[in-house]
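[1] Generate coordinates for the sequence data below:
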Amino acid sequence: MLGVAAGVAVFHLALSGRYGFHRDELYALAAGRRPALGYVDQAPLVPLLGRALTAAGTHLWPLRAAAGLAHGAVVVLVGLLARELGGGRRALVVAAVAAATMPLFLAAGSMFQTVVFDQVWWAATLVVVVRLVKGADPRWWLAVGALVGAGLQTRWTIALLAVGVVVGLAAVPEGRGHLRSPWLWAGGGVALLVWSPNLAWEALHGWPTLDLTRDGDHRVLAEEGRVGFVLQQVLVAGPVVVPLVAAGMVWLWWHRRALAVAAAVVALVLLAIGGPADDLGPVYVLGIAAGAVATEGWLAAEPHRWPRAVGALAANGLVPLAALAPVASLPVYAELFQDLDDELGEQVGWPEMVDLVAVVVGALPAEERADVRVIAAGDGEAAAIDLYGPARGLPRGTALSGDSSYADWWPDGEPAGTFVTVGYTLTELAPFCDAVGPVAAVAQVDGVDNEAALAPIHLCRELLVSPGELRDALARRD
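    Sure, this is the predicted structure:
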């Protein structure tokens, strides 16, 4: 188990300098440079961690190393979970290999985002919950509360796990004693205490994360539907892990029914609200561990079964690896793998985009360059300009956007002079400024598409509305 986890960490560390910053990593760094108790689209822990990891210099490898170590931690925790459920050595190895190679976990460990750290909190919480269900000292509910609170400061989805655990305990006679324990409710108090700074920020700002999440879920439901949510689990987990998890859920129903109910509650809530398919990902830590325990006896019955099962689980992630992690050259990725998963494309082209913006700004008369601002359609474009711009003659703070928390970071009275736009069409800009252009268009790099590829760049010298009206209009648009 520890060897598999170490291998995972080394794998991600070896790839930590490949490609470049993902748009979400750029945005996390931009948020970390503006420390707050909350942001409109996420809790504060990951941006603040990114700030700490780049305090000595903004490099990619510390962020990717942290994500890779988090994936390794998930592998260890899934193995511990299998042991807590009664698994032996073979179960631990099967669980560890499955967690190491599951497509969602591989992809999450390859980037510095909230997802991989969210998986760590879920896995750690479930390890302690299983110990409690088995009869551990009820004071361990305080630890559960601390873990859930940290998870809420990372990503709010762990609240579904807390709800699922309570429902699961209520559903079985042997679990109801926990609901009468003051330690469980004290643990809930600890979770709220840890979460309270972010909770207060949200309340004071009108619950923007809740609104954004609800809007995103509605959009995903309209585009993919509930059938799509179910079918995409094969892509999230891989065709080998899906039956392993199914066996685990059946095993839990007969042996640890409270946990089976908890997992079912999370899945049914996500299915009902129409969330993204990968939101169910953290539940797989429980399903994998239980599946490893459920199949251990069958795997041990014939000498050839166990190595073949481990090989199949390894292939589950290795076959689509080039679409999940930056292992291929960029031209090969663009030609063969980008259509399978375009997320890696968002790690490519940002310095080149900022180079072009700097050329456009540099061509302006000196009096216009002094207070020029760049308004980007997306937070990734704005964050890339924030990061790469100063080395190219664009002062930090040049970039504005109406997307995500950038709408909150817009200085009063800006833009006051000439501004350049990235990603907006003339039709979109016509009500707001005397747009000229496009004066340039963002190029692809090695055939890789990201969201900024082919985006037009326009020039505006006169606003037709106030800066505040422009900001509000672009925030609604984004």
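[2] For the stretch 1-150 of the chain, which segments count as helices?
    Using DSSP state H, counting those that start in this stretch, the helices of the stretch 1-150 of the chain run over 2-14, 23-32, 45-53, 60-84, 89-101, 103-109, 114-133, 141-152.
[3] Residue 268: which of the ones you listed is closest?
    Residue 268 sits nearest to helix 114-133 of all the helices of the stretch 1-150 of the chain, at 17.0 Å, using CB to CB. From N, CA and C alone the C-beta is placed, and that goes for glycine too.
[4] Could you export the helices of the stretch 1-150 of the chain to CSV, including columns for mean neighbour count and distance to residue 272?
    Formatted as CSV, the helices of the stretch 1-150 of the chain follow (neighbours: other CB atoms under 10 Å; distance: least, CB to CB, whole Å):
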stretch, mean neighbour count, distance to residue 272
helix 2-14, 17, 33
helix 23-32, 24, 27
helix 45-53, 20, 27
helix 60-84, 24, 26
helix 89-101, 26, 27
helix 103-109, 27, 21
helix 114-133, 24, 20
helix 141-152, 24, 21
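[5] Is it possible to get JSON lines of those helices that adds mean pLDDT and distance to residue 284?
    As requested, the helices of the stretch 1-150 of the chain are arranged in JSON lines below (pLDDT from 0 to 100; distance: least, CB to CB, whole Å):
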{"stretch": "helix 2-14", "mean pLDDT": "89", "distance to residue 284": "16"}
{"stretch": "helix 23-32", "mean pLDDT": "95", "distance to residue 284": "21"}
{"stretch": "helix 45-53", "mean pLDDT": "96", "distance to residue 284": "21"}
{"stretch": "helix 60-84", "mean pLDDT": "95", "distance to residue 284": "9"}
{"stretch": "helix 89-101", "mean pLDDT": "94", "distance to residue 284": "8"}
{"stretch": "helix 103-109", "mean pLDDT": "94", "distance to residue 284": "7"}
{"stretch": "helix 114-133", "mean pLDDT": "96", "distance to residue 284": "9"}
{"stretch": "helix 141-152", "mean pLDDT": "97", "distance to residue 284": "16"}
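[6] Can you report how many residues lie near residue 212?
    Residues lying near residue 212 (other CB atoms under 10 Å) number 15.
[7] Surely it touches residue 42?
    No. With contact defined as CB atoms under 8 Å, residue 212 and residue 42 do not form a contacting pair (9.3 Å).
[8] closest to residue 421 out of the helices of the stretch 1-150 of the chain?
    Ranking the helices of the stretch 1-150 of the chain by their distance to residue 421 (criterion: CB to CB) puts helix 23-32 first, at 17.7 Å.
[9] Quick one, which of the helices of the stretch 1-150 of the chain gets closest to residue 312.
    When those are compared for distance to residue 312 using CB to CB, the nearest one is helix 89-101, at 9.5 Å.
[10] so what does that closest one touch, helix or strand wise?
    For helix 89-101, the packing partners by 3 or more CB pairs under 8 Å, 6 or more residues apart in numbering; DSSP states H and E come out as helix 2-14, helix 60-84, helix 241-255, helix 284-301, helix 305-318.
[11] List the contacts of the residue nearest to the spatial centre of the chain.
    Nearest to the geometric centre of the chain sits residue 115, at 3.2 Å (CA atoms, centre = their mean). Contacts were defined as CB atoms under 8 Å, 6 or more residues apart in numbering; by that measure residue 115 touches 108, 155, 278, 281.
[12] again, 6 Å this time
    Residues in contact with residue 115 (CB atoms under 6 Å, 6 or more residues apart in numbering) are residue 108.
[13] Look up how far residue 427 lies from it.
    Distance from residue 115 to residue 427, counting by CB to CB, to the nearest Å: 35 Å.
[14] got it, and residue 274?
    31 Å.
[15] which one of these two has more residues nearby?
    Neighbours were counted for residue 274 and for residue 427 using other CB under 10 Å; residue 274 has more, 19 against 8.
[16] Pull the contacting residues for the more buried one.
    If you count contacts by CB under 6 Å, 6+ apart, residue 274 has them with 217, 220-221.
[17] Turn these into CSV, including distance to residue 169, secondary structure and pLDDT.
    Output for these, formatted as CSV (distance: CB to CB, whole Å; DSSP: H, G, I helix; E, B strand; the rest coil; pLDDT from 0 to 100):
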residue, distance to residue 169, secondary structure, pLDDT
217, 27, helix, 76
220, 30, helix, 79
221, 30, helix, 77
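[18] what's the domain layout of this structure?
    By the assignment in automatic domain parsing, the chain contains the domains 2-324, 349-477.
[19] Among those, show the one with the smallest mean pLDDT.
    Comparing mean pLDDT across those, the lowest value falls on domain 349-477: a mean of 88.
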